[in-house]
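Trainee: I need the structure of the sequence given here:
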Amino acid sequence: MCGRFTLITTPGAVEDVFSVIDLDPFPERYNIAPTQPVLVVVSAPSREPGSNLPDRQAVLVRWGLIPSWAKNPADMPLMINARAETVGEKAAFKTALRHRRVLVPTTGFYEWRREGKTRQPFFIRPKGGGLIAFAGLMESFSEPGGSEIDTAAILTTSANTALADIHDRMPVVIRREDFARWLDCLTQEPRDVVDLLRPVQPDFFEAIPVSDRVNKVANLGPDLIERVEDPVVAPQPKPKKKNEDQDQLRLF
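Mentor: Residues are numbered from 1 along each chain as shown. Prediction:
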């Protein structure tokens with residue numbers, strides 16, 4: 001899954017990587033959490049022939065997708081993630097998958113490895129650094145009072161072999177050369193982009209053990225991504241006693 005992520009960069013870098021213009025200034029964000037505003041890149045409305053304006057826009061949305069047909073969002077689970085394996089079958093996501101695919105700019109995400117009664121957080125970032133994009137979906141929800149809110153979810157897939165010992169899920173990464181195809185909801189149907197919904201290669205990310213300060217949403221500083229020297233060590237299995245297997249078989 002993906003429950004926290006970062007955007008530690010400048011508006012200019014986002015403009016360069018995602019081919020958008022005129023981004024408003026924003027602070028570096030070290031602990032983006034569900035229900036907070038997140039930056040997403042969408043296909044821009046069709047332009048006049050010969051226009052020099054970009055084909056993409058960057059907009060702020062609420063992290064936590066609310067389907068357009070929802071009666072009362074309070075009665076629905078917080079849908080921050082969508083499973084890539086079943087996203088096309090779920091009523092909450094299938095329309096967005098067809099018509100409103102987006103890119104979520106990021107510089108890394110956090111995941112927790114459960115170790116007994118504790119959980120060790122890791123900051124997972126591209127080995128080469130820089131900006132990458134998660135696959136996202138967007139929906140607009142009209143509130144009873146008439147106001148409209150844009151919302152989004154991040155797609156996840158099974159973890160690759162490098163991250164599987166931390167968690168069994170990871171966000172779907174859309175490579176830069178595939179940005180246009182993922183965003184193209186006019187000519188690219190869901191079946192045409194399903195090949196993009198796969199784990200990234202094992203050597204793409206590095207996992208850095210960090211302090212549990214990231215657990216608290218109010219903590220926002222760069223210390224959150226600093227490596228801790230003594231992370232929690234996963235417990236080793238106890239050695240079997242002599243004849244233990246035979247003893248267990250007596251239970252059946």
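
Trainee: ok, the closest residue to Leu60 other than its chain neighbours to Arg62 distance?
Mentor: Computed as CB to CB, 6 or more residues apart in numbering, the closest residue to Leu60 that is not its neighbour in sequence is Pro37, at 4.5 Å. Where C-beta positions appear, they are placed from N, C-alpha and C, glycine not excepted. Note on Pro37: its distance to Arg62, by CB to CB, to the nearest Å, is 6 Å.

Trainee: A helix includes Val194, no?
Mentor: Yes. Counting by DSSP: H, G, I helix; E, B strand; the rest coil, Val194 falls inside a helix.

Trainee: that one: what's it in contact with?
Mentor: When contacts are counted by CB atoms under 8 Å, 6 or more residues apart in numbering, Val194 touches Gly88.

Trainee: now Pro11
Mentor: By CB under 8 Å, 6+ apart, Pro11 lies in contact with 23-26.

Trainee: at 10 Å what do you get?
Mentor: Contact analysis of Pro11 by CB atoms under 10 Å, 6 or more residues apart in numbering lists 20-26, 39, 58.

Trainee: Leu196 and Asp184 touch, don't they?
Mentor: No. Leu196 lies out of contact with Asp184 (CB atoms under 10 Å); the separation is 11.6 Å.

Trainee: higher neighbour count, these two?
Mentor: Per other CB atoms under 10 Å, whichever of Leu196 and Asp184 has more neighbours is Leu196, with 19 against 15.

Trainee: three-state assignment of the nearest residue to Gln188 once chain neighbours are set aside?
Mentor: Among residues not flanking Gln188 along the chain, Arg181 sits closest, at 5.6 Å (CB to CB, 6+ apart). Classification of Arg181 using three-state DSSP returns helix.

Trainee: that older thread, between Leu196 and Asp184, what contacts are shared?
Mentor: Shared contacts of Leu196 and Asp184, counting by CB under 10 Å, 6+ apart, come down to Arg101.
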